[in-house]
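Participant: Provided below for reference: sequence and predicted model.
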Amino acid sequence: MNITQLLQKNTDYVNPSQEIIRQKLFEIIKDYKIEEDVLFVVEQPLEESHGDYATNVAMALAGILKKSPLEIAQDIVKKFDKSDFLESINAVAPGFVNFKFKNDFFIKELNKILIKKESYGKFDNLILEHPEKIMVEFGQPNTHKAFTVGHIKGTISGLSVCNLIENLGYGVIKTNYYGDIGMHTAKCTWGVIKKGLPENFGTWNEHKKMEFIADAYVYASENFEKSEDEIRKINLDIYNNNKTEATELYEKIKIWSLEHQKSVFENLGVFFDKQYPESQVFENAKKIVNQNVGKIFKESQGAIIYDGEKEGLNIWVVQTSEGNPTYMAKDLSLGFQKFQDYPDLYSNITLTAIEQKDHFKAVIKILETFDEKFKDKYFHVHFGWLLMDGKKTSSRSGKNIKGTDMLEESLEVARTKIAELKDYDKEKKEEIARVVALAGIKFLILSHDFNKDVNYDPKKFIDFEGYSGPYILYAYVRAQSILRKSEKYESIKDLKVDNLNDYELGLLKWLARYPHVAYRAGIEIAPHLLCVYLFELSQRFNSFYANCPVLDASEKEKETRLALAEGTAQVLKNGLGLLGIETVEEM
RNA sequence: GUCCCCGUAGUUCAAUGGAUAGAACGAAAGCCUUCUAAGCUUUAGAUGUAGGUCCGAUUCCUACCGGGGGCACCA
């Protein structure tokens, strides 16, 4: 079972009208008296001129009936008894059947938005009494090492994944697993010793402190070969909990690193429910390895390995010849820990960069071998690189762009832009800049397919125009501005409309697609589907805005248009919320 | 060597096996006495190569060519 199938199991989304069409088609197919199963879909075509729904059933039947698809399509149209919500049914070359809905259908959906407001597009878990809990592990920065743009990407992606799954009706446990033990901590500690802490270090803010710490790590990496023995000694002392000057420093650096982490996470809007320090799973990792030598693991050249070659996996070292468990063993230990802490956990999703794909294939395989309870419960979801100028950056080379630098940079762009355009007071400017900058970065990261790399060009950054977060915010702001200016406007309870122009109808129809998009983005763990949708919604709203005056319209028109503006604002807000993007009222 | 991911307009990205492959940026031309021009309207421009499956392939399969990543003591 994959994660999509699992998520789908408890949360189902069926458009009732789509289902009616589907049932009627099944009945018509029965008339043809065919033995075999006919595979067909009823779907929303991307091109709206092809109808509100369309089916390829005639083409699927063509091969079986040995007739032309178009003829079959025409026959189906004849036999299809029109439901009250349908405006028209057409057979079109090469053999599609297109269904067009009455406008009234969409007006009803708009009414639903206005009534349900922030809960529009939210799904109920089918297990209502006791919604299943899903743990999402993401972020995973290291202490003693820079918080990179990769971690920023993981954090932003993770937050959105949590929101999307929560929207499906699951309970979500946001979890961070941070690397506070291992070679990098020893390197960094050694580096800090060599560089020496500046006297006024205590007065520095958390970002400046972290910069010093990250630089110390880079310095140690550069000098690793020369000083390997010293660094390994520190590493062992940390692992063995020996009290030395170095390990005391290690502890201090850990605290500073965690303060920095907390501040970055909060800035991104992330608050974890559960923290797992790597140092806490490490003891049990040792036990797991030792108890299974000769079973799942075996000794080899002084180390202990997992040989996954029979399963089509790699060979992985689970314990070094120095006797320390590797991150593989620690991830196994973490798996057990999670299910011990949350025995009724429905599923775990570990979100990391794609480079760890094979690693987690092995982790999951081993966990399932250990215990049946992990079967179909432990999942790895991965995302592509965040590239700078088309190139990967590494924290070892020291040439990386630090996560906080990227955030600061986008904030600066937003500040400049707003200073050019608007004359709000300082505090307001700063708040708008904060929201807009985050919208820019978050949207950039989430708007790509998870499997693909995201290109971030610091020189061109940040696009606040076109396909971007701020563009969507801008549409929201415009809608809100209209609503604010319309006197004594009250949300419409039961809108009734006869005529709609193309702009109004285009917007209205797109609004009605939101629940389906939110559902798909959730079960497929694909925030970019939502990004594409929200952008198109904003485009349609902006066209509507440019062509359909609201406040100066006739009473009847005004009512419809205000409802459209309110509906758009609501859906934009709900959708942005799932991406972890805040809104502003003015910008 | 082997396994995995990615190759779509000049650039950055979409496309649930389907209809005329959509956008955005950039380029060219218009639109502010009118609800915020971070906007709207118009024009030009693309599926790495070669096969295969299918009524139909950007999508699935095979080979090749490019780019990236994993694969024994870092995480």
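Facilitator: Sure, I can see it.
Participant: what's A:Gly171 sitting at in phi/psi?
Facilitator: When read as degrees, to the nearest 10, the backbone of A:Gly171 gives phi -90, psi 130.
Participant: Helix or strand for A:Ser157, just tell me which one.
Facilitator: Here A:Ser157, judged by DSSP states H and E, is contained in helix A:149-167.
Participant: could you give the mean pLDDT of the next helix or strand after that helix?
Facilitator: Going down the chain from helix A:149-167, the next helix or strand is strand A:171-178, by DSSP H and E. Mean pLDDT, strand A:171-178: 97.
Participant: just checking, what packs against strand A:171-178?
Facilitator: Where contact means 3 or more Cβ pairs under 8 Å, 6 or more residues apart in numbering; DSSP states H and E, strand A:171-178 is packed against strand A:133-137, helix A:149-167, helix A:245-267, strand A:274-277. In short, each C-beta sits where N, CA and C put it, glycine included.
Participant: Tell me the pLDDT of the residue of chain A found nearest RNA strand B.
Facilitator: Residue nearest to RNA strand B within chain A: A:Gly466 (2.1 Å; Cβ to the nearest atom of the strand). The score at A:Gly466 is 92. That number is its pLDDT.
Participant: swap in the one 10 residues further on?
Facilitator: The predicted structure scores A:Tyr476 at 97 on the pLDDT scale.
Participant: Give me the nearest residue to it, chain neighbours excluded.
Facilitator: A:Leu572 (4.6 Å; Cβ to Cβ, 6 or more residues apart in numbering).
Participant: ok, that neighbour touching A:Arg478?
Facilitator: No. With contact defined as Cβ atoms under 8 Å, A:Leu572 does not count as touching A:Arg478 (10.4 Å).
Participant: Now the common contact residues for those two.
Facilitator: A:Phe541 (Cβ atoms under 8 Å, 6 or more residues apart in numbering).
Participant: Up against RNA strand B, what does the stretch 51-200 of chain A have?
Facilitator: Applying Cβ under 7 Å from any atom of the strand, we find that the stretch 51-200 of chain A lies next to RNA strand B at A:51, A:54, A:56, A:59-60, A:62-63, A:69, A:92, A:94-96, A:98, A:142, A:179, A:182-184.
Participant: cool, the stretch 351-500 of chain A as well?
Facilitator: So far as Cβ under 7 Å from any atom of the strand goes, the stretch 351-500 of chain A lies against RNA strand B at A:354-359, A:384-385, A:390, A:392, A:414, A:417-418, A:421-422, A:432, A:436, A:447-449, A:451-455, A:460, A:463-468, A:470-471, A:474, A:477-478, A:481-482, A:485.
Participant: Please list the members of these that lie in helices.
Facilitator: Among those, the residues falling in helices (DSSP state H) are A:357-359, A:414, A:417-418, A:421, A:432, A:436, A:470-471, A:474, A:477-478, A:481-482, A:485.
Participant: Which of those residues are buried, as a PyMOL select command?
Facilitator: Buried residues among those (16 or more other Cβ atoms under 10 Å), as a PyMOL selection:
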select buried, chain A and resi 359+414+417+418+432+436+470+471+474+477+478+482
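Participant: Please list the residues outside stretch A:7-21 that contact it.
Facilitator: Contacts of stretch A:7-21 (Cβ under 8 Å, 6+ apart): A:42, A:53, A:55, A:83, A:85, A:99, A:101, A:105, A:123-127, A:132, A:165, A:168-170, A:515-516, A:519, A:522-523, A:525.
Participant: what does stretch A:92-109 give?
Facilitator: So stretch A:92-109 is contacted by A:17, A:21, A:45, A:50-59, A:62, A:68-70, A:72-73, A:76-77, A:80, A:84-91, A:495-497, A:500, A:505, A:508-509, A:511-512 (Cβ under 8 Å, 6+ apart).
Participant: Quick check: end-to-end length of that stretch?
Facilitator: Distance between the two ends of stretch A:92-109: 28 Å, counting by Cα to Cα, to the nearest Å.
Participant: Pull the distance from that stretch to the chain's centre.
Facilitator: Distance of stretch A:92-109 from its chain centroid, counting by Cα atoms, centre = their mean, to the nearest Å, is 31 Å.
Participant: what comes up buried for it?
Facilitator: A:92, A:95-101, A:103, A:105-107, A:109.
Participant: Serialize these to CSV and add fields for pLDDT and secondary structure.
Facilitator: Below are the buried residues of stretch A:92-109 laid out as CSV (pLDDT from 0 to 100; DSSP: H, G, I helix; E, B strand; the rest coil):
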residue, pLDDT, secondary structure
A:Val92, 93, strand
A:Gly95, 93, coil
A:Phe96, 95, strand
A:Val97, 96, strand
A:Asn98, 96, strand
A:Phe99, 95, strand
A:Lys100, 94, strand
A:Phe101, 93, strand
A:Asn103, 92, helix
A:Phe105, 91, helix
A:Phe106, 94, helix
A:Ile107, 93, helix
A:Glu109, 93, helix
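Participant: So of those residues, which two are at opposite extremes in space?
Facilitator: Farthest-apart pair in the buried residues of stretch A:92-109 is A:Gly95 and A:Ile107; separation 31.6 Å (Cβ to Cβ).
Participant: The stretch 1-150 of chain A: strands as residue ranges?
Facilitator: Here the stretch 1-150 of chain A has its strands, by DSSP state E, counting those that start in this stretch, at A:42-43, A:53-55, A:86-92, A:96-101, A:133-137.
Participant: If you tally nearby residues, what's the number for the residue nearest to A:Tyr476?
Facilitator: Residues lying near A:Leu572 (other Cβ atoms under 10 Å) number 25.
Participant: What confidence value was assigned to it?
Facilitator: pLDDT at A:Leu572 comes out at 98.
Participant: tell me which strands and helices whichever strand or helix holds it is in contact with?
Facilitator: Take DSSP H and E as the rule and A:Leu572 turns out to sit in helix A:555-579. Applying 3+ Cβ pairs under 8 Å, 6+ apart, we find helix A:555-579 packed against helix A:103-116, helix A:149-167, helix A:426-446, helix A:469-485, helix A:502-511, helix A:514-523, helix A:527-547.
Participant: The fifth one and RNA strand B in contact?
Facilitator: No. When contact is scored as Cβ under 7 Å from any atom of the strand, no part of helix A:502-511 falls within range of RNA strand B; the minimum is 8.5 Å.
Participant: For that helix, could you pull out the residues that count as buried?
Facilitator: So helix A:502-511, judged by 16+ other Cβ under 10 Å, has buried residues A:503-511.
Participant: Alright, I will stop here.
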